[in-house]
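[1] Pasting the sequence and the predicted model now:
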Amino acid sequence: MIDLSTTYLGLKLRTPLVASASPLSQEIDGIRRLEDSGASAVVLYSLFQEQLEQESFELEHHLTEGTDSFAEATSFFPRPAEFNLGPEGYLNHIHKAKRAVSIPIIASLNASTVGGWTQYAKLIEQAGADALECNIYTIPTNPELSSKAIEQQYLDIVQAVKSVVTIPVAVKLSPFFSNLANMAKRLDEAGADALVLFNRFYQPDINLDELEIQPNVLLSTPQALRLPLTWIGILYGRIRANLAATSGVHGPEDVIKLLMVGADVTMLCSTLLRNGIRHLEHIEEGVLEWMEKHEYESVQQMKGSMSQLRCPDPSAFERAQYMKAVKSVEHVVLTSLQAQRILGGD
């Protein structure tokens, strides 16, 4: 019998198929459906520090607005500090999810200050999450901020969170580092238990009718797979931390490719939003069929077999392959032009 099990963040998972942070985990029923369809773990939607602070500010504003109109009004409403402002809804959601399903629940946090990271990380652990994914989603826009300072911010976050929790901690990264391999190594040394590759940045668009900048969320396509596939293949065997692939994972072939370059788990979001939660069943069946056809007995046997460390042509992950790719494109273009000349009678 084929063994699909894998280990991620110290958690023994039935398969490498993990539901990544998405609206699908906002309701307990959605989490149940993910488990029923084969998800081996669920990453909850992210808790954002800015959102909590905005909610707190708005409530305080409405409670205090006009209270200085009359002297007796100043003590009519309770002070905002007496209210239980904070991430209670999210923490309660973790608690309910843990009771509703048997698969691991991984919380996701995006804070804006080191104090916010540690404060909410502790609360998330206390709520019962099996692990925490630090979704470090930030776009530096200050031209005076050096790359060294930006990298140090990431390291400070990881070290601070690891100092206050005992549950495993994953770090969701963007690919925009001058030397991603070095950054991965330093995060590993700082205590990250896993790296999630990669975060997708949602660039804004312009509404030409309203003349406004507006958000524009586009679901990923299978072409996005190439970036995590490349870097997981390079990092496999070079760092201690687990490697999770996200973005571009749409079908069984994508899962197989990522496992072969060294991923411990593959995270799915866009394909489930596009095809429905039960698409998980199709992906698992496809992986099993391929492994049986190619006589693989386990995920462990397959994992890393096509990584840079084990690839017969390690340069396929590096610059030497760039020249081959460019040459192949030139060949396609020239062949197309020749065909056009023949058809056109030139």
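    It's in.
[2] in the stretch 151-300 of the chain, what spans have low per-residue confidence?
    Applying pLDDT under 70 to the stretch 151-300 of the chain picks out residues 202.
[3] At which residues are the helices of it located?
    For the stretch 151-300 of the chain, the helices defined by DSSP state H, counting those that start in this stretch occupy 180-190, 226-235, 252-261, 270-275, 279-293, 299-302.
[4] out of the ones you listed, nearest to residue 8?
    Checking those against residue 8 by CB to CB gives helix 299-302 as the closest, at 11.2 Å. The C-beta positions use only the backbone N, C-alpha and C, and glycine is treated the same way.
[5] Return the distance of the closest one from the chain's centre.
    Distance of helix 299-302 from the chain centroid (CA atoms, centre = their mean, to the nearest Å) equals 23 Å.
[6] got it, and stretch 102-120?
    In terms of CA atoms, centre = their mean, the centre of stretch 102-120 is found 13 Å from the chain centre.
[7] Tell me which residues of that stretch come out buried.
    103-111, 116-120 (16 or more other CB atoms under 10 Å).
[8] Could I get the residues you listed in JSON lines, plus columns for distance to residue 183 and pLDDT?
    Below are the buried residues of stretch 102-120 laid out as JSON lines (distance: CB to CB, whole Å; pLDDT from 0 to 100):
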{"residue": "103", "distance to residue 183": "31", "pLDDT": "98"}
{"residue": "104", "distance to residue 183": "27", "pLDDT": "98"}
{"residue": "105", "distance to residue 183": "28", "pLDDT": "98"}
{"residue": "106", "distance to residue 183": "22", "pLDDT": "98"}
{"residue": "107", "distance to residue 183": "23", "pLDDT": "97"}
{"residue": "108", "distance to residue 183": "20", "pLDDT": "96"}
{"residue": "109", "distance to residue 183": "20", "pLDDT": "95"}
{"residue": "110", "distance to residue 183": "19", "pLDDT": "92"}
{"residue": "111", "distance to residue 183": "19", "pLDDT": "89"}
{"residue": "116", "distance to residue 183": "22", "pLDDT": "92"}
{"residue": "117", "distance to residue 183": "18", "pLDDT": "94"}
{"residue": "118", "distance to residue 183": "22", "pLDDT": "95"}
{"residue": "119", "distance to residue 183": "25", "pLDDT": "94"}
{"residue": "120", "distance to residue 183": "24", "pLDDT": "95"}
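[9] Show me what the longest strand along the chain is packed up against.
    The longest strand of the chain (DSSP state E) is strand 41-48. Secondary-structure packing of strand 41-48 (3 or more CB pairs under 8 Å, 6 or more residues apart in numbering; DSSP states H and E): strand 17-19, helix 28-37, helix 88-100, strand 105-110.
[10] Quick one: closest of those to residue 171.
    That would be strand 105-110 among these, by CB to CB, at 10.8 Å.
[11] hmm, who's touching the closest one?
    9, 18, 21, 31, 41-49, 90, 94, 97-98, 117, 120-121, 124, 127-137, 170, 172 (CB atoms under 8 Å, 6 or more residues apart in numbering).
[12] Taking the buried residues of stretch 102-120, tell me the two that lie furthest apart.
    Pairwise distances across the buried residues of stretch 102-120 peak at 28.0 Å for 103 and 116 (criterion: CB to CB).
[13] So for residue 311, which of the helices and strands packed on strand 41-48 sits nearest?
    Among the helices and strands packed on strand 41-48, strand 17-19 sits nearest to residue 311 (CB to CB), with 24.7 Å.
[14] pLDDT averaged over that closest one - what is it?
    What strand 17-19 shows for mean pLDDT is 98.
[15] now that strand, how far from the chain's geometric center?
    Mean-position distance between strand 17-19 and its chain equals 11 Å (CA atoms, centre = their mean).
[16] Relative to that strand, what are the paired strands and their orientations?
    Taking DSSP bridges as the criterion, strand 17-19 pairs within the sheet with strand 41-48 (parallel), strand 265-268 (parallel).
[17] any idea how far residue 130 lies from residue 293?
    34 Å (CB to CB, to the nearest Å).
[18] More neighbours: those two, which one.
    Set side by side, residue 130 and residue 293 show more neighbours around residue 130, with 19 against 8, by other CB atoms under 10 Å.
[19] ok, the residue lying closest to the more buried one once chain neighbours are set aside - contacts?
    In space, residue 130 comes closest to residue 104 once its chain neighbours are excluded; the distance is 4.0 Å by CB to CB, 6 or more residues apart in numbering. By CB under 8 Å, 6+ apart, residue 104 lies in contact with 9, 11, 13, 40, 41, 42, 130, 131.
[20] Pull the number of nearby residues for the third one.
    Counted with other CB under 10 Å, residues neighbouring residue 13 total 21.
[21] What of the second one?
    Neighbour count for residue 11, taken as other CB under 10 Å: 18.
[22] pretty sure it is touching residue 42, no?
    No. Under the criterion of CB atoms under 8 Å, residue 11 makes no contact with residue 42, lying 11.7 Å away.
[23] follow-up on the earlier one: can you say which of the helices and strands packed on strand 41-48 is packed in most?
    strand 17-19 (a mean of 28; mean count of other CB atoms under 10 Å).
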